[in-house]
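Peer 1: Fold the following, please.
(2 chains)
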Amino acid sequence: MGLLIHRRVIWLFAVLIGTQAQAADWELALDLRAVSSDGRKSFLDDGQGKLRFDEDHQGIQLGRLRAAWNQPLGEVFSAHVEASSWDDDDKNPIDLTEAYLEYRPYPRAGVRSRLRLGAFYPPMSLESRAVGWETPYTITPSAISSWIGEEIRTLGLEGQVDWLGTRLGHSFDLQLTAAVFGWNDPAGTMLGAHGFAFHDRQTTLFGRVGAPQTYPEFATKELFHEIDDRPGYYVGAQARYLDRAVLNLLHYDNRADPTIELPSIRDFAWLTKFDAAALRVETGNGWTVLLQALDGSTYIAPGGNWLDWDFNSQSALLAKRVGAHMLAVRYDAFEVLFQDNPAEAGSEDGHAWALAYSFDRGKQWRFALEWLRVESDVASRVALLGEPAFARESKLEFSARYLLSGSF
Amino acid sequence: MSLSLPTSVFQWVHATSVLALLTWSGLAQGGSLTVAAKQHNGKPLSGAVVTVEAETPALPPAPPAHATMDQVNLTFVPDVLVVPVHSTVQFPNSDVISHQVYSFSSARRFQLPLYRGKPYPPVTFDEPGLVTLGCNIHDNMLAYIVVTKAPFFGRTDAKGEWSAANVPAGRYRLRLWHPLLNEPLEVERLIEAGAGQDLVEIRLSRGLRPAPLTGRPHSWDY
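Peer 2: As a prediction, this is how the structure comes out:
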């Protein structure tokens, strides 16, 4: 994102906060990890490994240092800022993952509208429902949510309309969403570079993924740039049955012009389109079933030659909560197909199992233990690294998170 | 007591019922009414709102009350409030964080601005009806205020029972409502009561909706 935009956003926030000083809510969270991993060299470290913490990054690690700020601006406006540090080779030691203004008027006659302006996640993950866009079920989110956190952010304007049926005596609520956005033209480049991965690291707005040096074509992995001056859009719908079941649908198209390159980041505008569906069902005795599916394509066209990556992933999670304890098991399948040829570097096929136990102690502490195994056939391992295409990577990870919150 | 000749059948019936009351019960206050509510599966229906409005003879609503609907740990407390018309309800906020309470129900539309801690003037409810409360910041928060012009009202206990004493003899419109009631959203009966110890048994024709989930961390669905 351009420096000018950056300054304007900060100026806008400063003016709004300065003129409308009201009590703000803040959160500060430190998440430390103890990791045992046999992961291949991580995608964050120029490798083709699927895990955030590979065999060279074991022991005590910083999971996330997170600060959040929620500032009411008058009656129906508010500003939200999320900042994180991941303790890796990012450009900035601490950076923003989300920053937006929200307009949320009171509902009228059972209908509520909402506007968000700034940088935020599109409403598609029923898994990343905890503060900071984290999953409460496991430490590592699904392949789908990992990818969204890595490459996708709305930098634009989103509108939502809710029909609050449950407030009118019915059992259902309905929601429609539409957004226009820019500055997400490189979305898709990571799928092209390393395919899907399993990690909780969310790419920051002014940061990058890893610090790759070896391959000039992937020299810079910055996701939030406008390359072709063409806005993208998404539309979505959500249906809720009481507080028990949610069905979410989203169609995304960044409408990028794949023939255009941005030399400063040595990347193209990746034309990325996908459909995402998610269903979450919760029962009164603590069971949760969460199904997710993603299906899309991304293209670049250097010199007019169209290159095509088709991608898809499916995820099924079953969790049981007993009081403050939760046990979750998840299966993920994922595939990237480059030029319709599974043997081409850029194609991959894999699946993963995760098993996690978590325990919330009061509002401050959360402890979690997770075992994750990813098995994948990645054609680039042969072509770029001279390694076997197949890898089985396992990780055992313990997380202790302390969350402080308060108001000014 | 001086008896005049009845001028209409209605008055005659009325007079005889008063006479019967005086003769049989020996007390002028009337009889008792008990409502026993059961779910579709035969289990007691607790927490149901019962209102008993007089058809004949007409009776005035119960006197207005001063009630409180608090917000504790991102939950409205109580979940259901029943108040007579013209009652006032205070909305304190016992949470550290802010809430924005609203209602778009036709019986009473209101919005309480973003606030925490500081007292806010109570809201007066002048129209009978169901008022659904929400919080514009926390979508999971849901509560109800039933505003009634009935002289007798209350909620069923753990056994699914509710009783009223001193019910004058007459015809009454009994309504039963529960937040988890499936459509139709209300059960209505016309009853004769007040002549003695009346028991009205109600069994729902359909199962209840699932109760709201509890115990999920507040850091979810932020």
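Peer 1: show me where the chain has helices.
Peer 2: All of this is about chain A. For chain A, the helices defined by DSSP state H cover A:3-19, A:143-151, A:189-194, A:379-385.
Peer 1: that answer is for a different chain, and I need it for chain B
Peer 2: B:9-24.
Peer 1: for chain A, what are the nearby residues on it?
Peer 2: B:96-98, B:100, B:102, B:104, B:111, B:113-114, B:116, B:132, B:134, B:136-137, B:140, B:142, B:182-183, B:185, B:209-213, B:215-222 (Cβ under 8 Å from any Cβ of the partner chain). (Glycine included, C-beta is placed from N, CA and C.)
Peer 1: residues near the residue lying closest to residue A:209 once chain neighbours are set aside, how many?
Peer 2: In space, and not counting its chain neighbours, residue A:209 is closest to residue A:221: 4.2 Å by Cβ to Cβ, 6 or more residues apart in numbering or on different chains. By the measure other Cβ atoms under 10 Å in any protein chain shown, the count of residues near residue A:221 is 24.
Peer 1: for residue A:221, what are its contacts?
Peer 2: A:186, A:189-190, A:193, A:208-210, A:212, A:267 (Cβ atoms under 8 Å, 6 or more residues apart in numbering or on different chains).
Peer 1: What residues are bridge-paired with the closest residue to residue A:289 other than its chain neighbours?
Peer 2: Spatial nearest neighbour of residue A:289, chain neighbours left out: residue A:281 (4.7 Å); criterion: Cβ to Cβ, 6+ apart. On the basis of DSSP bridges, residue A:281 is bridged to residue A:245, residue A:289.
Peer 1: Give me the pLDDT value at residue A:281.
Peer 2: On pLDDT, residue A:281 comes in at 98.
Peer 1: now residue B:29
Peer 2: At residue B:29, the pLDDT value in this model is 69.
Peer 1: Could you do residue A:220 as well?
Peer 2: pLDDT, read off for residue A:220, is 58.
Peer 1: Where does the prediction get shaky in the chain?
Peer 2: Just so you know, I chose chain A. For chain A, applying pLDDT under 70 flags the ranges A:1-22, A:211-220.
Peer 1: um, chain B though
Peer 2: In chain B, residues with pLDDT under 70: B:1-29, B:114-115, B:117, B:222.
Peer 1: do that again at 80, thanks
Peer 2: Applying pLDDT under 80 to chain B picks out residues B:1-29, B:113-119, B:183-184, B:218-219, B:221-222.
Peer 1: Spatially central residue for chain A, please.
Peer 2: The residue lying closest to the centre of chain A (Cα atoms, centre = their mean) is residue A:149, at 1.8 Å.
Peer 1: contacting residues for that residue?
Peer 2: A:121, A:128, A:133, A:141, A:199-203.
Peer 1: Looking at these, which is nearest chain B?
Peer 2: residue A:133 (9.2 Å; Cβ to the nearest Cβ).
Peer 1: With adjacent residues omitted, what lies nearest to that closest one?
Peer 2: The spatial neighbour of residue A:133 that comes closest, neighbours along the chain excluded (Cβ to Cβ, 6+ apart), is residue A:121 at 5.7 Å.
Peer 1: Tell me who's in contact with that neighbour.
Peer 2: Counted by Cβ under 8 Å, 6+ apart, residue A:121 has contacts A:98, A:128, A:133, A:148-149, A:152-154.
Peer 1: from those, which two are the most distant?
Peer 2: The distance between the two most remote of the contacts of residue A:121 (Cβ to Cβ) is 14.1 Å, for A:128 and A:154.
Peer 1: So for these two, which sits in the more crowded spot?
Peer 2: Shown here are residue A:128 and residue A:154; by other Cβ under 10 Å, residue A:154 has more neighbours (26 against 22).
Peer 1: do you know how far that one is from residue A:129?
Peer 2: Residue A:154 is 17 Å from residue A:129, where distance means Cβ to Cβ, to the nearest Å.
Peer 1: Repeat that for residue B:59.
Peer 2: From residue B:59 over to residue A:129 the distance is 51 Å, taken as Cβ to Cβ.
Peer 1: try residue A:378
Peer 2: When distances are taken as Cβ to Cβ, residue A:378 and residue A:129 turn out to be 30 Å apart.
Peer 1: which one of these two has more residues nearby?
Peer 2: More crowded of residue A:378 and residue A:129, by other Cβ under 10 Å: residue A:378, with 28 against 20.
Peer 1: Can you tell me the closest non-neighbouring residue to the more buried one?
Peer 2: residue A:348 (4.3 Å).
Peer 1: The one you found - how many residues pack around it?
Peer 2: Neighbours of residue A:348 under the rule other Cβ under 10 Å: 26.
Peer 1: Specify the beta-bridge partners of it.
Peer 2: For residue A:348, the beta-bridge partners are residue A:336, residue A:378 (DSSP bridges).
Peer 1: That one against residue A:195, yeah?
Peer 2: Yes - between residue A:348 and residue A:195 there is a contact under Cβ atoms under 8 Å: 4.2 Å.
Peer 1: Which residues are in contact with residue A:198?
Peer 2: For residue A:198, the residues meeting the contact criterion (Cβ under 8 Å, 6+ apart) are A:50-52, A:140-143, A:146, A:332, A:352, A:354, A:372, A:374.
Peer 1: do you know how far the nearest residue to it once chain neighbours are set aside is from residue A:354?
Peer 2: When the adjacent residues along the chain are set aside, residue A:198 lies closest to residue A:140, with 5.0 Å between them (Cβ to Cβ, 6+ apart). Taking Cβ to Cβ as the measure, residue A:140 falls 6 Å from residue A:354.
Peer 1: For chain A, what lies in contact range of chain B?
Peer 2: By Cβ under 8 Å from any Cβ, the residues of chain A that approach chain B are A:22-23, A:25, A:72, A:75-76, A:104, A:106-110, A:112, A:129-131, A:136, A:164, A:166-169, A:171, A:242-244, A:282, A:284, A:321, A:323, A:360, A:363, A:403, A:406-407.
Peer 1: tell me the residue furthest from the middle of chain A?
Peer 2: residue A:169 (34.9 Å).
Peer 1: show me the contacts for that residue.
Peer 2: So residue A:169 contacts B:132, B:183, B:185 (Cβ under 8 Å, 6+ apart).
Peer 1: What subset of those residues is buried?
Peer 2: Buried by 16 or more other Cβ atoms under 10 Å in any protein chain shown: residue B:132, out of these.
Peer 1: Which ones among the contacts of residue A:169 lie within strands?
Peer 2: Cross-referencing the contacts of residue A:169 against strands under DSSP state E gives residue B:132.
Peer 1: any idea which of the contacts of residue A:169 is closest to residue B:66?
Peer 2: Of all these, residue B:66 sits closest to residue B:132, with 21.2 Å by Cβ to Cβ.
Peer 1: May I have the residues that are in contact with that closest one?
Peer 2: A:167-169, B:103-105, B:142-144.
Peer 1: Now with 10 Å, please.
Peer 2: Residues in contact with residue B:132 (Cβ atoms under 10 Å, 6 or more residues apart in numbering or on different chains) are A:110, A:164, A:166-169, B:102-105, B:107, B:142-145, B:179.
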